[in-house]
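**Student:** can't give you the sequence, but here's the structure:
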């Protein structure tokens with residue numbers, strides 16, 4: 001299919017993983033994140049019905065952010081994430097009309113287990129293209145020294161990191177309107193300050209929501225920090241998941257360049273009942289750019305980046 005569109009940042013909550021979480025911790029459904037768990041997130045058949053209107057789209061799926069390390073010890077977290085990754089592999093294999101790959105979970109309270117997942121499970125399964133990390137893990141910066149071995153393993157194995165925002169639990173004013181975009185921007189800054197791009201110059205990190213605040217504040221960066229570090233923000237890859245906004249996407253395109261902007265929708269989250277795939281596609285079509293650049297956004301960039 002010549003007009004295939006590869007959605008680099010779509011979410012899922014797989015059935016067996018969800019059942020196991022509820023069996024181990026019945027009150028887990030009281031976590032605020034579960035307000036996003038509609039049938040389309042957990043039921044493949046419901047998802048397929050909605051996706052019929054986008055036959056050209058294939059999604060790279062990552063698990064919604066219900067992370068075992070927030071609830072369980074290191075051993076159980078490793079077991080749950082490993083099994084969830086196996087389920088993701090199975091789901092991709094059985095639903096190739098919907099999905100073209102998946103992104104692995106890691107147990108962030110078990111770094112040895114996380115490295116085992118990267119070096120063995122991800123490397124040895126072609127359905128897995130990398131790992132999903134969050135802006136904080138156990139309420140510590142993802143750029144904390146204890147997490148840097150994960151970046152090293154990802155770089156060594158030529159995989160990619162999908163970086164998703166979460167709340168900073170130290171703050172009292174967390175909100176879904178602005179907090180996640182701030183947290184993602186701050187995490188990018190922390191990754192740069194930790195020297196990740198200097199230690200691992202070829203590392204591939206995909207940022208959700210079009211690079212968050214960075215493109216808008218691009219001219220502020222070299223004034224407020226060392227110019228060399230300011231330039232490193234352009235080494236991230238970013239998706240188009242901002243619920244449809246052509247001018248904002250043009251801003252991201254102008255800042256990151258035509259080779260680092262990737263089609264992503266956040267489906268099925270964002271706009272009820274099935275996400276913002278329609279709105280994101282419309283916003284890309286309305287961008288003041290060329291068809292060649294759109295081809296790069298929809299498929300060519302991610303195919304090159306992940307060797308799809």
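**Tutor:** Sure, I can see it. The model shown is predicted, which means the values in this text are computed figures rather than measured ones. Numbers count the residues shown, from 1 in each chain.
**Student:** helices and strands around the worst-scoring helix or strand of the chain on mean pLDDT, which ones?
**Tutor:** The least trusted helix or strand in the chain, going by mean pLDDT, DSSP states H and E, turns out to be helix 39-42, with a mean of 89. Counting by 3 or more CB pairs under 8 Å, 6 or more residues apart in numbering; DSSP states H and E, the packing neighbours recorded for helix 39-42 are strand 5-12, helix 44-51. C-beta here means a position set from N, CA and C on the backbone, and glycine is covered the same way.
**Student:** can you list the residues that contact that helix?
**Tutor:** Helix 39-42 is contacted from outside by 11-15, 18, 46-47, 50, 64, 268-269, 273-275, using CB atoms under 8 Å, 6 or more residues apart in numbering.
**Student:** in the chain, which spans are helices?
**Tutor:** Using DSSP state H, the helices of the chain run over 15-24, 39-42, 44-51, 74-94, 111-116, 148-156, 179-193, 196-199, 221-224, 227-232, 246-256, 277-285, 291-295, 301-306.
**Student:** Please identify the most buried of those helices.
**Tutor:** Across those, averaging neighbours per residue (mean count of other CB atoms under 10 Å) puts helix 179-193 on top, at a mean of 20.
**Student:** Quick one: mean pLDDT over it.
**Tutor:** The average pLDDT within helix 179-193 is 98.
**Student:** just checking, what packs against it?
**Tutor:** Other helices and strands packing on helix 179-193, by 3+ CB pairs under 8 Å, 6+ apart, are strand 160-164, strand 204-207, helix 227-232.
**Student:** So what angle separates the directions of that helix and strand 160-164?
**Tutor:** Helix 179-193 runs at 140 degrees relative to strand 160-164, counting by axes from the mean of the first three to the mean of the last three CA atoms, to 10 degrees.
**Student:** Any buried residues in stretch 233-247, and which?
**Tutor:** Residues of stretch 233-247 classed as buried: 233, 235-246 (neighbour count, 16 or more other CB atoms under 10 Å).
**Student:** quick one: low-confidence parts of the stretch 151-300 of the chain?
**Tutor:** Scanning the stretch 151-300 of the chain for pLDDT under 70 picks out nothing.
**Student:** run the last query once more with 90
**Tutor:** 272-273 (pLDDT under 90).
**Student:** re the thing from before, I'd like the buried residues of stretch 233-247 laid out as CSV, including distance to residue 84.
**Tutor:** Converted to CSV, the buried residues of stretch 233-247 look like this (distance: CB to CB, whole Å):
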residue, distance to residue 84
233, 32
235, 30
236, 26
237, 24
238, 26
239, 22
240, 26
241, 22
242, 28
243, 27
244, 31
245, 32
246, 36
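**Student:** Not counting residues beside it along the chain, what's closest to residue 75?
**Tutor:** residue 110 (7.3 Å; CB to CB, 6 or more residues apart in numbering).
**Student:** Equivalent analysis for residue 190, please.
**Tutor:** Counting by CB to CB, 6+ apart, the residue nearest residue 190 is residue 143, at 3.9 Å.
**Student:** re earlier: which residues does the residue nearest to residue 75 contact?
**Tutor:** Residues near residue 110 by CB under 8 Å, 6+ apart: 69, 74-75, 77-78.
**Student:** which phi and psi does it have?
**Tutor:** Per-residue torsions, residue 110: phi -150, psi 80 (degrees, to the nearest 10).
**Student:** where's it relative to residue 265, distance?
**Tutor:** To residue 265, residue 110 is 31 Å away according to CB to CB, to the nearest Å.
**Student:** likewise residue 167?
**Tutor:** Counting by CB to CB, the separation of residue 167 from residue 265 is 22 Å.
**Student:** Kindly report the same for residue 138.
**Tutor:** 29 Å.
**Student:** Could you check how far residue 44 is from residue 14?
**Tutor:** Distance from residue 44 to residue 14, by CB to CB: 9 Å.
**Student:** who touches both of the two?
**Tutor:** Joint contacts of residue 44 and residue 14 (CB under 8 Å, 6+ apart) are residue 91.
**Student:** Nearest the geometric middle of the protein, what residue?
**Tutor:** Nearest residue to the geometric centre of the chain (CA atoms, centre = their mean): residue 162, 3.7 Å.
**Student:** how about low-confidence regions in the stretch 1-150 of the chain?
**Tutor:** In the stretch 1-150 of the chain (pLDDT under 90), the answer is 1-3, 26-40.
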